[in-house]
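In: Would you be able to build a 3D model of this:
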Amino acid sequence: GWWRDRAQRVFVEEGEGDSEAEAALHAYVAKGPSPMGWVHALWSLDGLNSSKESEILAALAHSDARVVHTGVRTAERHLKLGSEAVAEALLGVAAGDDYKLRRQVGLSLGEGNSKAADAALVEFLAAYCGDEDLRRITFSGVGGRERELLGAWLAREDVLEKSDGRSRVLRDFARGIARE
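Out: Predicted coordinates for the structure are as follows:
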């Protein structure tokens with residue numbers, strides 16, 4: 001509602017560097033608020049670059065899909081920092097039944113740009129290489145990293161078996177490298 005939206009906006013716009021505001025948000029998340037409370041708190045912490053890995057992991061394991069989706073989006077900062085635990089948790093989320101969450105995991109892994117995120121991205125591509133939509137959205141964020149990712153892709157024994165999806169992943173890597 002309006003109050004939560006306003007509170008989130010004030011936290012992000014005026015709370016940067018305010019340790020009391022950050023502490024209040026961390027304490028609020030630790031209490032296990034309502035799903036919408038989680039969503040707003042996670043976005044506020046993300047806006048302050050203050051979310052903790054443990055908070056993201058808790059969000060990714062939450063029973064409410066809205067919290068999990070927000071956890072996936074706000075996990076990107078931790079992927080860039082190289083969190084292996086977050087990368088593994090995202091793969092777990094992708095393995096679930098929610099296709100929208102799986103798509104967001106692909107997008108977020110593409111934005112990760114760390115060793116842990118890239119390893120998870122290659123694993124994600126291997127698992128979902130037959131899905132053209134997931135391949136495209138995952139590749140949308142890897143610009144400039146195709147050579148390294150291709151090396152990691154080719155190091156996997158399971159991708160050497162011929163399949164249409166795996167061939168298309170190789171084609172997508174080649175297109176990205178050609179654009180460099």
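In: Could you pull up phi and psi at the residue with the largest distance to the centre of the chain?
Out: Distance from the C-alpha centroid of the chain, by Cα atoms, centre = their mean, peaks at Lys162 (28.8 Å). For Lys162, the backbone dihedrals are phi -70, psi 130 (criterion: degrees, to the nearest 10).
In: so how far is Ala58 from it?
Out: When distances are taken as Cβ to Cβ, to the nearest Å, Lys162 and Ala58 turn out to be 41 Å apart. For glycine as for every other residue, the C-beta is placed from the backbone atoms N, C-alpha and C.
In: do Ile137 as well
Out: Computed with Cβ to Cβ, the distance linking Ile137 and Ala58 is 26 Å.
In: go on, Gly32?
Out: Applying Cβ to Cβ, one obtains 8 Å for the distance of Gly32 from Ala58.
In: Check the most centrally placed residue in the chain and give its pLDDT.
Out: The C-alpha lying nearest the average C-alpha coordinate of the chain belongs to Ser108 (Cα atoms, centre = their mean; 3.5 Å). You'll see Ser108 listed with a pLDDT of 95.
In: mind listing what it touches?
Out: The neighbours of Ser108, taking Cβ atoms under 8 Å, 6 or more residues apart in numbering as the test, are Val72, Arg73, Ala75, Glu76, Leu79, Leu90.
In: can you redo the residues you listed as TSV with pLDDT, distance to Glu180 and secondary structure?
Out: Below are the contacts of Ser108 laid out as TSV (pLDDT from 0 to 100; distance: Cβ to Cβ, whole Å; DSSP: H, G, I helix; E, B strand; the rest coil):
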residue	pLDDT	distance to Glu180	secondary structure
Val72	97	28	helix
Arg73	96	28	helix
Ala75	97	27	coil
Glu76	95	23	helix
Leu79	96	22	helix
Leu90	98	27	helix
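In: is it possible to export those residues to a markdown table including neighbour count and distance to Gly176?
Out: Below are the contacts of Ser108 laid out as a markdown table (neighbours: other Cβ atoms under 10 Å; distance: Cβ to Cβ, whole Å):
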| residue | neighbour count | distance to Gly176 |
| --- | --- | --- |
| Val72 | 27 | 23 |
| Arg73 | 18 | 24 |
| Ala75 | 31 | 24 |
| Glu76 | 22 | 20 |
| Leu79 | 25 | 19 |
| Leu90 | 32 | 22 |
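In: Other residues contacting the helix or strand containing Ala126?
Out: The secondary structure element spanning Ala126 is helix 115-128 (assigned by DSSP states H and E). Residues outside helix 115-128 that contact it (Cβ under 8 Å, 6+ apart): 79-80, 82-84, 86-88, 90-91, 94-95, 102, 105-106, 109-112, 134-135, 138, 142, 145, 148-149, 152-153, 156, 158-159, 169.
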